[in-house]
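J.: predicted model and sequence below, questions to follow.
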Amino acid sequence: MYPTRTMILILTGFSVASILGAWGFQYIGGLEPCAMCYWQRWPHWAAIGFGVAAYAFGARVFIWLAGLATLTTSLIGVYHSGVERKWWLGPESCTGRGLTLDDASSLLSMDGAGPVLCDEIPWQMLGLTMANLNAIGSLIIAILWFRLALRKA
């Protein structure tokens, strides 16, 4: 296995790549994120910060926190995946279930596209959505963070 500092860089790099990938889909690919997509980005930012702190200070607590942040984005990804697949209901504010007639009429009068709904799948590859990929990838990385935290110095 790689030295601890190298692993910290690799694992932190996953969250950096996830943010850059999300921005690529958004700003280059034109796929606007829904609210839950944004929710999945915040723990990646936290994991990046904790990874940088773990690299700079060598404190094991930052490795644990990076693992928890990555696990958090994975769990949000699982929740979002279920909402996309209609396995369970998502938040009313993100799925359109909470729209009133007044909201609907104001949406119809908007210029451009309406809000991005969390229960619609805008992109998928081999049957996997971005939320699915985040859930799976982040779970693997979280496990690696936790293994790294448990490693003897």
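T.: Sure, I can see it. All of these numbers come straight from a predicted model, not from anything done at the bench.

J.: give the buried residues for the longest helix seen in the chain.
T.: Counting by DSSP state H, the longest helix found in the chain is helix 60-84. For helix 60-84, burial by neighbour count (16 or more other C-beta atoms under 10 Å) applies to 62-84. Backbone N, C-alpha and C define where each C-beta goes, glycine included.

J.: got the contact list for the residue most central in space within the chain?
T.: With distances taken as C-alpha atoms, centre = their mean, residue 40 lies nearest the centre of the chain, 2.8 Å away. Applying C-beta atoms under 8 Å, 6 or more residues apart in numbering to residue 40 gives the contacts 73, 76-77, 80, 131, 134.

J.: swap the cut-off to 10 Å and go again
T.: 18, 22, 33-34, 72-77, 79-80, 130-131, 134-135, 138 (C-beta atoms under 10 Å, 6 or more residues apart in numbering).

J.: and it, what pLDDT?
T.: Confidence at residue 40, expressed as pLDDT, is 97.

J.: and for residue 14?
T.: With respect to pLDDT, residue 14 has a value of 98.

J.: that one: what secondary structure?
T.: helix (DSSP: H, G, I helix; E, B strand; the rest coil).

J.: could you say which helix or strand contains the residue nearest to the centre of the chain?
T.: Element membership of residue 40 [criterion: DSSP states H and E] is helix 35-57.

J.: only the buried residues of that helix, if you could.
T.: For helix 35-57, by 16+ other C-beta under 10 Å, it's 35-37, 39-41, 43-44, 46-51, 53-55.

J.: show me where pLDDT drops low in the protein?
T.: The chain contains residues with pLDDT under 70 at 97-114, 153.

J.: quick one: contacts for residue 67?
T.: 11, 47, 50-51, 141-150.

J.: tell me the spacing between it and residue 133.
T.: 19 Å (C-beta to C-beta, to the nearest Å).

J.: for residue 43, same thing?
T.: Taking C-beta to C-beta, one finds residue 43 at 15 Å from residue 133.

J.: same check on residue 85?
T.: Distance of residue 85 to residue 133, given as C-beta to C-beta: 14 Å.

J.: more neighbours: which of the two?
T.: Between residue 85 and residue 133, residue 133 has the larger neighbour count (other C-beta atoms under 10 Å), namely 17 against 13.
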